[in-house]
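Asks: Have a look at this prediction, sequence included:
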Amino acid sequence: MAPKYNKPKIMLIDMPNACESVLQDAGYNIAVGTFGIPYEVDPSDTFHPVATDSHKLPNCAEQEIVIANLERPSATGTLPTDPGDGVSSVWQLGTQGRIDPRPLVMANIQEAFDRIIQGSSRILVGAA
């Protein structure tokens, strides 16, 4: 179903499904994304690859409003396979028993979000 309002383009990141439903039912142009899903590892001083492909942020640079849930989600993702020798990858210590790809993804898209902020006349920051 086409949105009633083409503008503003709104992206929901890691928000509850109910938020998407309410905004779509009201006719807003919604895109849904995620910064990625943390995954559990055995707590140790061992390095583990960070899953940099678990995020989905469709057309994030084109959005006008971004609503992101930064609450730490449960570690429900799956451990990626070892990329092998000669393959560039980011690794993280597993001392806390979980690997979280979200900060790396956030750093990689910071420039796009900075442009959104610079183009905004109002910025709202809040916590639930």
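Replies: Yep, it's here.
Asks: buried sites along stretch 37-57?
Replies: Residues Ile37, Pro38, Tyr39, Glu40, Val41, His48, Pro49, Val50, Ala51, Ser54, His55, Leu57 are the ones in stretch 37-57 that count as buried (16 or more other C-beta atoms under 10 Å). Using the backbone N, CA and C atoms, a C-beta is placed for each residue, glycine as well.
Asks: let me fix that: stretch 58-68
Replies: Cys60, Gln63, Ile65, Val66, Ile67.
Asks: Can you measure across that stretch, start residue to end residue?
Replies: End-to-end span of stretch 58-68 (C-alpha to C-alpha, to the nearest Å): 14 Å.
Asks: For it, give the mean pLDDT please.
Replies: The average pLDDT within stretch 58-68 is 88.
Asks: residues in contact with it?
Replies: 7-15, 19, 31, 33, 35, 109, 112-113, 115-116, 119-120 (C-beta atoms under 8 Å, 6 or more residues apart in numbering).
Asks: Please repeat the previous calculation with a cut-off of 7 Å.
Replies: By C-beta atoms under 7 Å, 6 or more residues apart in numbering, the residues outside stretch 58-68 that reach it are 7-15, 31, 33, 109, 112-113, 115-116.
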